[in-house]
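Trainee: Build me a model from this:
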Amino acid sequence: MKPFLIRWIVTTFAVAVASNLPGIHAEGWGSLVCMALFLGIINAFVRPVLLLLSLPFIVVTLGFFILVVNTLSFWFAGGLVPGFHVDGFWNAFFGSIVVSIVSWALSGFVRSPDGEFRVLSQQDYASGVREKRVKGRTVE
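Mentor: Next up is the predicted model:
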């Protein structure tokens, strides 16, 4: 539960930074928290389907179409949350880029379960298996 809350807080802060851009308006912290939650849900369930359906475009554009998928996800989430408004496609485009960059930068300062600072990823908590460092030598 702790990794989920950390991601939610990081995403909320990233959405708060993006709400300072022109064309993106948040009425309060409640709408920012809801936007971060809806954005996480959309990224977990809808975005993989969109990426699969748009795979030919992603291949042809050498991956740049992923920016369009991220923009549509951000714009759609903004339309679902009352009190959070995204005025247009280009505002959502720059907002999704800001959210991505700020989330990536902040997740670099999150401690992993073994106490080291590293980027928080799904793999860190999904397996539930902890790595153990073993001291020894190799026998040839």
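Trainee: Show me which positions of the lengthiest helix in the chain end up buried.
Mentor: Across the chain, the longest stretch assigned as helix under DSSP state H is helix 29-53. For helix 29-53, a neighbour-count test (16 or more other CB atoms under 10 Å) marks 31-40, 42, 47, 50 as buried. All C-beta atoms are positioned from the backbone trio N, CA, C, and that covers glycine.
Trainee: Ok, stretch 94-107 next?
Mentor: 94, 95, 96, 97, 98, 99, 102, 103, 106, 107.
Trainee: mind listing what the fifth one touches?
Mentor: What that stands for is residue 98. Applying CB atoms under 8 Å, 6 or more residues apart in numbering to residue 98 gives the contacts 14, 17, 18, 21.
Trainee: For the third one, give its distance to residue 24.
Mentor: Here the criterion is CB to CB, to the nearest Å. By it, residue 18 lies 6 Å from residue 24.
Trainee: now the strands for this protein?
Mentor: 24-26, 84-86 (DSSP state E).
Trainee: Out of those strands, indicate the one that is most buried.
Mentor: A comparison of those by mean neighbour count, using mean count of other CB atoms under 10 Å, puts strand 84-86 on top with a mean of 22.
Trainee: Point out where the protein drops to low pLDDT.
Mentor: Residues of the chain that meet the criterion pLDDT under 70 lie in 111-134, 140.
Trainee: Helices of that one, residue ranges please.
Mentor: Under DSSP H, the chain gives helices at 2-18, 29-53, 55-60, 65-80, 89-107, 122-126.
Trainee: The longest one to helix 2-18, inter-axis angle?
Mentor: Just to be clear, that refers to helix 29-53. Angle of helix 29-53 versus helix 2-18, following axes from the mean of the first three to the mean of the last three CA atoms, to 10 degrees, is 100 degrees.
Trainee: Can you spell out which helices and strands pack onto helix 29-53?
Mentor: Under the contact criterion of 3 or more CB pairs under 8 Å, 6 or more residues apart in numbering; DSSP states H and E, helix 29-53 touches helix 2-18, helix 65-80, strand 84-86.
Trainee: Name the surrounding residues that touch that helix.
Mentor: 7-8, 11-12, 14-16, 19, 26, 58, 66, 69-70, 72-74, 76-78, 80-84, 99.
Trainee: Right, I'll call it a day here.
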